[in-house]
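# coords below, sequence missing:
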């Protein structure tokens, strides 16, 4: 079959799939291709996970490869450390973002440091899957955005997808990495859909590469994970105001793609960082600093941030006020125009 014919066949075979389904397929394909890959976590086995991402894996690969664990996050990650030290490639699921905190000591003291501690002799190829973020009406401990903690920990890679295709490709790349990866899965996007053929070759940039989701000239929106669709919506709404916004999906927070980000901001001269995490001490501060250092002479206004408020995650009825939305993003863009005197 010719390349063109193969592409047509793959496109014809594509059908709506959710991000959760793409993540599940990534786990299945990794388990099938590499016998050292093991999945473990609370309810990942018979139940198939709270969000059904691991549905069917125990039935297909057995309890030794997809294993239910006790409700003990520190023990789960500690077990994964031992598995990785003996040549396995564990994929750990933390059921909810804030449930991962009891395992933080293992992550900081061992997972992030082992490769450096052993001068490269003992990498720990562990993927820690963390459902994170709000927008699902969850209560406290079910909607945290904890990415700043992981970004601030040397030795960890931090990755978060925003599309169905990236959910598959980035998870496969994370599991294949010899460095430990914290893989942040936006809960509000688990049920987002896109036409996708799981049997077609999946093209995805390696970890550490951002992608421009929408080109524009007026300003750059720098975002990731659950805020990408919100920024795309804001960019469409901005057209009525005469603004042409570029949207950059970072995809990888560590390593960070300075090249793609700087190239975009130099073209537009303005930038807004958008994320659900709190503003003070959040990821946007580091991103804004990097942009300012590399693009200072191209900036026509200060780099602004649109973020969650500096409070513990609010009750479900209030989360729509807490999370960055289209209006708050457009307000920031309007301020950029005013500060630039245009």
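Yes, it's here. Small disclaimer: the values here were computed from a predicted structure and weren't measured. Numbering: from 1, shown residues only.
# got a list of what residue 135 touches?
143, 187-188, 226, 276, 319, 323 (CB atoms under 8 Å, 6 or more residues apart in numbering). C-beta here means a position set from N, CA and C on the backbone, and glycine is covered the same way.
# of those, which is the most crowded?
residue 276 (30 neighbours; other CB atoms under 10 Å).
# tell me the SS of it?
strand (DSSP: H, G, I helix; E, B strand; the rest coil).
# look at it and report its pLDDT.
pLDDT, residue 276: 97.
# try residue 342
50.
# cool, residue 206 as well?
85.
# among the contacts of residue 135, which one sits closest to residue 38?
Among these, residue 187 lies closest to residue 38 (CB to CB), at 23.8 Å.
# which residues does the closest one contact?
Applying CB under 8 Å, 6+ apart, the residues near residue 187 are 51, 131-136, 138, 143, 226.
# if you set the cut-off to 10 Å instead, what comes out?
Contact analysis of residue 187 by CB atoms under 10 Å, 6 or more residues apart in numbering lists 19-20, 50-51, 96-97, 130-136, 138, 142-143, 225-226.
# narrow those residues to those in helices?
19-20 (DSSP state H).
# write the ChimeraX selection for whichever of the contacts of residue 187 are buried.
Here is the ChimeraX selection string for the buried members of the contacts of residue 187, based on 16 or more other CB atoms under 10 Å:
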select :19,20,50,51,96,97,130,131,132,133,134,135,136,138,142,143,225,226
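# where in the stretch 201-342 of the chain is pLDDT low?
Applying pLDDT under 70 to the stretch 201-342 of the chain flags residues 201-205, 338-342.
# which parts of it are strands?
211-214, 219-223, 245-249, 252-254, 271-278, 304-308 (DSSP state E, counting those that start in this stretch).
# same thing with the stretch 51-200 of the chain?
So, for the stretch 51-200 of the chain - with DSSP E, counting those that start in this stretch - the strands run 66-68, 89-93, 127-132, 157-159, 181-186, 193-196.
# so which of those strands is nearest residue 252?
Evaluated with CB to CB, those place strand 157-159 nearest to residue 252, the distance being 5.2 Å.
# stretch 140-156: end-to-end distance?
Using CA to CA, to the nearest Å, one end of stretch 140-156 lies 26 Å from the other.
# tell me the pLDDT of the nearest residue to residue 102 once chain neighbours are set aside.
Counting by CB to CB, 6 or more residues apart in numbering, residue 102 lies nearest to residue 73, which is 4.4 Å off, once chain neighbours are set aside. pLDDT recorded at residue 73 is 96.
# just residue 197 next, same as before
Among the per-residue scores, residue 197 holds a pLDDT of 89.
# burial measure for the nearest residue to it once chain neighbours are set aside, as a count.
In this structure, residue 197 finds its nearest non-sequential neighbour in residue 14, 4.1 Å apart by CB to CB, 6+ apart. Residue 14 has 15 neighbours, counted by other CB under 10 Å.
# can you verify my assumption that residue 14 contacts residue 194?
Yes - proximity of residue 14 to residue 194 meets the contact threshold set by CB atoms under 10 Å, at 8.7 Å.
# which residues are in contact with each of these two?
With CB under 10 Å, 6+ apart, residue 14 and residue 194 have no common neighbours.
# picking that back up, mind checking how far the residue nearest to residue 197 is from residue 32?
Residue 14 sits 21 Å away from residue 32, going by CB to CB, to the nearest Å.
# what's the answer for residue 292, then?
Distance from residue 292 to residue 32, by CB to CB: 46 Å.
# now residue 17: which helix or strand?
Assigned by DSSP states H and E, residue 17 belongs to strand 15-18.
# pull out the buried residues from that strand.
Buried residues in strand 15-18, counted by 16+ other CB under 10 Å: 17-18.
# hang on, the earlier thing: how about the strands of the stretch 51-200 of the chain in CSV, adding distance to residue 257?
Shown next, in CSV, are the strands of the stretch 51-200 of the chain (distance: least, CB to CB, whole Å):
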stretch, distance to residue 257
strand 66-68, 33
strand 89-93, 24
strand 127-132, 20
strand 157-159, 12
strand 181-186, 16
strand 193-196, 22
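# tell me how many other residues surround residue 110.
21.
# now it: closest residue in space that isn't a chain neighbour?
That would be residue 81: by CB to CB, 6+ apart, it lies 5.2 Å from residue 110.
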